[in-house]
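> take a look and give me a structure for this.
(one chain, ligands or ions: 1)
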Amino acid sequence: MKNIELYFFPSSFYSQRARLSLEEKGIKYKERIICLPDNEHNQPWFLKVNPNGEVPTLQVGNEYFSESEKIVDIADKLPSDIKHTLVPFSNSPEGQHVAFWRKKIDDLDIRTITFGVSVYPDFTQEKPTESIMQNAQGVKDRFEKNIRESKTLMNEHPELKEMYERKIRLTKQRLIDFFDKEKITTVLVSTDTTMAEIEQQLCKMADASGLRGADYFLCGESFTAADINLCILLGRFKVLGILPRFTDPKKYPNLNKYWQRLQKRPSVEKVIINNVAETKRFMFCRKIRRYCGAAAAFGVVGVAVWLAYRHLNR
Ligand SMILES: N[C@@H](CCC(=O)N[C@@H](CS)C(=O)NCC(=O)O)C(=O)O
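Predicted structure coming up:
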């Protein structure tokens, strides 16, 4: 059995997709948390793992895989005791159905939704989940810090100049896009259309499976990669404070019931529902480790000064 490691950050949308697939398949993997707020994903060692400097990245033996949708496909084929498939064969009608809904959800501009709603809280219907999503100043500070640190790293590592230049360009553009309220409104309106289509699809699935008293998912009676995409999307809406827009029981009765049921699924609970607590725990431990490191360094310097003092006064 090859060594499997997942580089991810708990609150990262795309990381949740990859992680959910490994959890659903019952695959044992080593967790390697890459701290996005500290720009660990831009460190030279990580650019060797993923030249785009993004999480998630999956390591299988000596090979590295990026792009969360690809990681789901790979996870589905890794040796596992769970025979249930997340990605049905692409030539089968079920496979085509799953591919269609995966793409439809993946096409939503989740970055603009995430940062745009954080910048303009008037888009929210309920209080966003504390501490993970920032306000306008927080978003600005985070991206400016990212640009500053990437410039420093670029000067220290000229061999990676091209990669850093590309990332800096991208971050500067995002800083413009995420403050463009008109663009954010347009993205949310097109999200409304997609969510209405999802509601209709769930209604069809509920009717079909309801006759047999079975549970329903987005593409039938089993949980697939399309459900992974829908669950991470609903989880993100919850964190942002815009979930009521898409789970109003009058307008979205099936989505509402679906989410109530799916939240309790062990993989969803672990990866999506608990991610806020997990992120906070990780950041807290990281701070403590840093303070302890600084305190230890102070201690060593203190002892050295004391020894020198004693030596000079002998
Ligand atoms: N298309 C990629 C997107 C990955 C991605 O954008 N990840 C974000 C975190 S959710 C990231 O690493 N951002 C860091 C950056 O862009 O500098 C995928 O599906 O894996």
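> now do the strands in this protein.
4-8, 30-33, 57-60, 63-66 (DSSP state E).
> just checking: what are the partner strands of the second one?
Pointing back at strand 30-33 there. Strand 30-33 has its sheet partners listed here by DSSP bridges as strand 4-8 (parallel).
> out of the strands of the chain, nearest to the ligand?
Across the strands of the chain, the ligand has its closest neighbour in strand 63-66 (6.0 Å, Cβ to the nearest ligand atom). Glycine gets a C-beta too; all of them are placed from N, C-alpha and C.
> which helices and strands sit right next to that closest one?
Contact here means 3 or more Cβ pairs under 8 Å, 6 or more residues apart in numbering; DSSP states H and E; on that basis strand 63-66 packs against strand 57-60.
> buried sites along the strand it packs on?
Judged by neighbour count (16 or more other Cβ atoms under 10 Å), strand 57-60 contains these buried residues: 57, 58, 59, 60.
> swap in stretch 238-253?
Neighbour-count burial for stretch 238-253 [16+ other Cβ under 10 Å]: 238, 239, 240, 241, 242, 243, 245, 246, 247, 252.
> now intersect those with the helices, please.
Mapping the buried residues of stretch 238-253 onto helices (DSSP state H) picks out 238, 239, 240, 245, 246, 247.
> are stretch 220-229 and the ligand in contact anywhere?
No. Taking Cβ under 6 Å from any ligand atom as the criterion, stretch 220-229 and the ligand are apart, separated by no less than 10.7 Å.
> follow-up on the earlier one: of the ones in helices among the buried residues of stretch 238-253, which is the nearest to residue 101?
For these, the minimum distance to residue 101 (Cβ to Cβ) is 15.5 Å, reached by residue 246.
> who are the neighbours in contact with that closest one?
Taking Cβ atoms under 8 Å, 6 or more residues apart in numbering, we find residue 246 in contact with 195, 234, 237, 252, 255.
> which regions of the stretch 1-150 of the chain sit below the pLDDT cut-off?
The model of the stretch 1-150 of the chain has pLDDT under 70 over residues 130-133.
> quick one, helices of it?
In the stretch 1-150 of the chain, the segments counted as helices under DSSP state H, counting those that start in this stretch are 13-24, 44-49, 68-77, 93-106, 110-119, 136-156.
> would you format these as a markdown table with mean neighbour count and distance to residue 30 included?
Shown next, in a markdown table, are those (neighbours: other Cβ atoms under 10 Å; distance: least, Cβ to Cβ, whole Å):
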| stretch | mean neighbour count | distance to residue 30 |
| --- | --- | --- |
| helix 13-24 | 25 | 11 |
| helix 44-49 | 14 | 13 |
| helix 68-77 | 20 | 14 |
| helix 93-106 | 17 | 26 |
| helix 110-119 | 21 | 27 |
| helix 136-156 | 15 | 26 |
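> residue 270 is nearest to which of those?
Across those, residue 270 has its closest neighbour in helix 13-24 (6.1 Å, Cβ to Cβ).
> does that closest one come close to the ligand?
Yes. Against the ligand, helix 13-24 shows contacts by Cβ under 6 Å from any ligand atom at 13, 14.
> that helix to strand 4-8, inter-axis angle?
150 degrees (axes from the mean of the first three to the mean of the last three Cα atoms, to 10 degrees).
> what sits against the nearest residue to residue 56 once chain neighbours are set aside?
Nearest non-adjacent residue to residue 56, counting by Cβ to Cβ, 6 or more residues apart in numbering: residue 18, 3.9 Å away. The contact partners of residue 18, by Cβ under 8 Å, 6+ apart, come to 6, 8, 56, 58, 68, 71, 72, 75.
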